[in-house]
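Participant: Mind looking at a prediction? Sequence and model below.
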Amino acid sequence: MTSRIAAIALDAVDPGPVADFWCAVLGWQRVDEDEEGISIAAAPGSWPTIDVLVVPEQKAVKNRLHLDVRADGTSAADELARLEALGARRADVGQGPDVTWVVLADPEGNELCLLSRTVQDVEREAAGG
């Protein structure tokens with residue numbers, strides 16, 4: 001027996017903009033909402049969810065857990081432009097100049113990384129091409 005990830009929790013002072021940002025990034029939708037926060041998922045009843053939970057304080061230090069995303073159906077450069085247009089901003093967490101990914105922050109500063117290889121690059125490599 002093993003465990004499965006049910007939800008990934010993100011803290012936010014104002015969960016609405018953070019949930020909307022992640023819905024736009026992933027093509028997901030709001031599936032539940034109450035005074036404690038907003039849950040988003042690919043579809044109602046699917047999981048894992050991302051639960052954007054209300055907290056009283058602003059983010060103060062680097063996250064110890066973050067999400068890595070890959071461009072899907074577009075180039076990494078085009079996806080970077082799209083993420084920045086959605087409100088992501090570049091973040092410096094000490095990654096140095098030679099990394100192959102871009103560190104970004106969502107509207108409340110939660111880090112995410114845009115990986116340089118696209119979904120299609122990874123699938124092609126896995127297929128031996």
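Facilitator: Thanks, I have the structure now.
Participant: Quick check: which ranges of the chain have low pLDDT?
Facilitator: For the chain, applying pLDDT under 70 flags the ranges 129.
Participant: Can you name the residues that contact the spatially most central residue of the chain?
Facilitator: Central residue of the chain (C-alpha atoms, centre = their mean): Leu67, 5.0 Å from the mean position. By C-beta atoms under 8 Å, 6 or more residues apart in numbering, the contact set of Leu67 is 8, 112-113. Yep, even glycine has a C-beta here, placed from its N, CA and C like the rest.
Participant: Please repeat the previous calculation with a cut-off of 10 Å.
Facilitator: 8, 10, 22, 25-26, 50, 106, 110-113 (C-beta atoms under 10 Å, 6 or more residues apart in numbering).
Participant: Out of these, list just those in helices.
Facilitator: 22, 25-26 (DSSP state H).
Participant: which of those tops the neighbour count?
Facilitator: Neighbour counts for the ones in helices among the contacts of Leu67, by other C-beta atoms under 10 Å, peak at Trp22, which reaches 23 neighbours.
Participant: Phi, psi for the residue nearest to the centre of the chain please.
Facilitator: phi -100, psi 140 (degrees, to the nearest 10).
Participant: From Glu35, how far off is it?
Facilitator: According to C-beta to C-beta, to the nearest Å, Leu67 stands 25 Å off from Glu35.
Participant: From the contacts of Leu67, list the buried ones, please.
Facilitator: 8, 10, 22, 25, 50, 106, 110-113 (16 or more other C-beta atoms under 10 Å).
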